[in-house]
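*Asks:* coordinates only, sequence not included:
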């Protein structure tokens, strides 16, 4: 275990004027608080914060950050409090320690939700001060180095979390060395057999090629020095096990087929020397086509800068080269931590103006903004992982602004990256001056111009197209808001009629004082709940006007089975479905409301009921639109999700609240429309038909369109008993290997 004085000496090596008293005080306090606590290995617990602090000294961080590392577990695992740390060490250190403390008491059901909330808290703390991130990553690194003493289940869980979140986060912050070590340590526990196999093969290769790395280093350095780059430094290394395994998996290669297991870094004095070195190497050895990347002129979002190329070099070996300056090398190794070595506004040999607000940190702040986009912890976790894992492409706005996006991003992702409002109103895109489909995958260097419309609402299907968490969250939110608007419009009309029949005037202002009695957050939520059928309009009337007295009337059979006539004291007569027995008292208002709610079955013979072209099935929340002709009346039934309902927003008189009124004796099938994107291969149609028949569903109409060489789009009109059966069909179709996507159509 590292000793206290050794830690102080490490700090003083790079910062001779470090506050030694602060470091000693933090060590003594942590030692006292952790007391006799032991780690799973049996070591004293204080060994962990000491090792975390030592990792941070390798990054040359200031003494305040080192003190936070010593104290980082005190609030979480001991009797220490934030107030006590504030008093002894100051509010700045107290705030950082609290930011590193996990949320223990969470009223959440799933482990994923708890994990998401802890990540949310950590990222919020990081956005306030990046030192929280540096301490957390060092903490995770030391825990991974000592994971062998945990149970197998815990090792697997912690390793998966590290691979999913902390290793990509280190990479996004530019800390590549830490990322690689975290990935390798996680790989060892997640897939021990693969780790052992790849490690053994790398050791065999290293023994077989003993001296080869040194030989290539020498030949490269001699060539550069002879060409005038006398200060060039060359260092080679063998790639790590997980990096090799990931390449084998992604490229479907065997170990023997890998040709670039070795990588070499050339470090020179300045940027012109980088390009000189590139020219020298390319002149001497053959270049592998398509393997050159210039991250100096276009840096990665995490501030990484280098020239990348692959050559067939000495001994006919395929060699990956990274050419960079010393400052670029610091950032490549330590990432965002390297920015803490300079004061705000300081310049360096590369001519850059450095500040703590690096590009990587700007990305992190952008991720924090997306916290508001998700409505659940799981959704936030999904979005964060999407952002962390993706490689990037760099695109430009027409004005030349650089937009970094995950690989595979579309113009829709681009639009949302610029601004949420731009994404919501996107209807088309020009890529490099040509109008292209919104599903087009963007490539490096593309110039993207977004075409917008003020009346556009993002389709729910876009969620399957986009790859960024921000875009997915915004599309989900816009879809929810559009559906809520439709429900609210229907609810508003229902409430207006109910209040009018009671002799009252409906208004949103009148509802506000009654929201707590209705259990709703705001007026729009309450109105939408009425539209969805979750809350009765009578309940709203009674909540708004608790003193309102309702007259009661008597229901009498009409002679038409299941129907009753009611007459109010004022002489109004209503025909209602027979939910009440003959002679049972109902209020006139209840009768009026039921009379307004036309059942799908059993309505009077002079009203024709028809369904939307895409159908509606029992279980759907439905509405009716009255279509009046010269000689008859007809009602068209739509699911509330139907986009066509927006056409009738300004025609409230045509809206009718309808409900399903089916019984087992008269049960029949109803049509729904389904779209399937399936592989274009023999047997696909047979598998689909077999699946449909297997859940007792009938196909009424089938249309197919060839949308690509490998895919066919199929539209099926199917007949089902109810929504439950339809959802069962969709679930089983989506499980088929030959099906890419399947969804219900409402338009």
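*Replies:* Okay, I see it. Everything quoted here is computed from the prediction, not taken from an experiment. Residues are numbered from 1 along each chain as shown.

*Asks:* contacting residues around the nearest residue to residue 468 once chain neighbours are set aside?
*Replies:* Excluding its sequence neighbours, the residue lying closest to residue 468 (Cβ to Cβ, 6 or more residues apart in numbering) is residue 413, at 4.6 Å. For glycine as for every other residue, the C-beta is placed from the backbone atoms N, C-alpha and C. Residues near residue 413 by Cβ atoms under 8 Å, 6 or more residues apart in numbering: 405-406, 442, 466-468, 471.

*Asks:* Redo those residues as a markdown table? Include neighbour count.
*Replies:* What follows is these, written out as a markdown table (neighbours: other Cβ atoms under 10 Å):
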| residue | neighbour count |
| --- | --- |
| 405 | 23 |
| 406 | 20 |
| 442 | 23 |
| 466 | 28 |
| 467 | 18 |
| 468 | 24 |
| 471 | 29 |
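
*Asks:* ok, back up a step: state the helix or strand in which the residue nearest to residue 468 lies.
*Replies:* helix 411-418 (DSSP states H and E).

*Asks:* The following helix or strand past that helix packs against which elements?
*Replies:* Counting by DSSP H and E, the next helix or strand C-terminal to helix 411-418 is helix 420-424. Applying 3 or more Cβ pairs under 8 Å, 6 or more residues apart in numbering; DSSP states H and E, one finds that helix 420-424 contacts helix 411-418, helix 469-501.

*Asks:* Tell me which of these lies nearest to residue 648.
*Replies:* helix 469-501 (8.9 Å; Cβ to Cβ).

*Asks:* coming back round to it: with respect to the helices and strands packed on helix 420-424, which exhibits the lowest mean confidence?
*Replies:* When the helices and strands packed on helix 420-424 are ranked by mean pLDDT, helix 469-501 comes last with a mean of 80.

*Asks:* Show residues contacting the helix or strand just after that helix.
*Replies:* Using DSSP H and E, the helix or strand that follows helix 469-501 in sequence is helix 508-511. Here helix 508-511 makes contact (Cβ under 8 Å, 6+ apart) with 518, 523, 526-527, 540, 544.

*Asks:* farthest-separated two in these?
*Replies:* 527 and 544 (12.1 Å).

*Asks:* between the two, which one's more packed in?
*Replies:* Between residue 527 and residue 544, residue 527 has the larger neighbour count (other Cβ atoms under 10 Å), namely 27 against 21.

*Asks:* Quick one: residues contacting the more buried one.
*Replies:* 487-488, 491-492, 495, 508, 511.

*Asks:* now those residues: which count as buried?
*Replies:* 487-488, 491-492, 495, 511 (16 or more other Cβ atoms under 10 Å).

*Asks:* Relative to residue 88, which of those residues is nearest.
*Replies:* For the buried ones among the contacts of residue 527, the nearest to residue 88 is residue 511 (52.9 Å; Cβ to Cβ).

*Asks:* Check what pLDDT that closest one gets.
*Replies:* pLDDT, residue 511: 87.

*Asks:* now residue 556
*Replies:* 53.

*Asks:* what's the closest non-adjacent residue to residue 484?
*Replies:* residue 528 (4.9 Å).

*Asks:* So what's the residue count around that neighbour?
*Replies:* 23.

*Asks:* Kindly report the same for the one 10 residues further on.
*Replies:* When neighbours are counted by other Cβ under 10 Å, residue 538 registers 16.

*Asks:* for it, helix, strand, or coil?
*Replies:* Classification of residue 538 by DSSP: H, G, I helix; E, B strand; the rest coil places it in helix.

*Asks:* who touches residue 73 in this structure?
*Replies:* Here residue 73 is in contact with 34, 45, 48-49, 100 (Cβ under 8 Å, 6+ apart).

*Asks:* Kindly report the same for residue 176.
*Replies:* 170, 304, 332-333, 335.

*Asks:* try residue 221
*Replies:* 232-234.

*Asks:* Could you check the pLDDT of it?
*Replies:* For residue 221, the predicted pLDDT is 92.

*Asks:* gap between it and residue 231?
*Replies:* To residue 231, residue 221 is 11 Å away according to Cβ to Cβ, to the nearest Å.

*Asks:* ok, back up a step: let's see which of the contacts of residue 176 end up in helices.
*Replies:* 170, 332-333 (DSSP state H).

*Asks:* Going by distance to residue 246, which of those wins?
*Replies:* residue 170 (15.6 Å).

*Asks:* Kindly provide the distance from the closest one to residue 140.
*Replies:* 9 Å.
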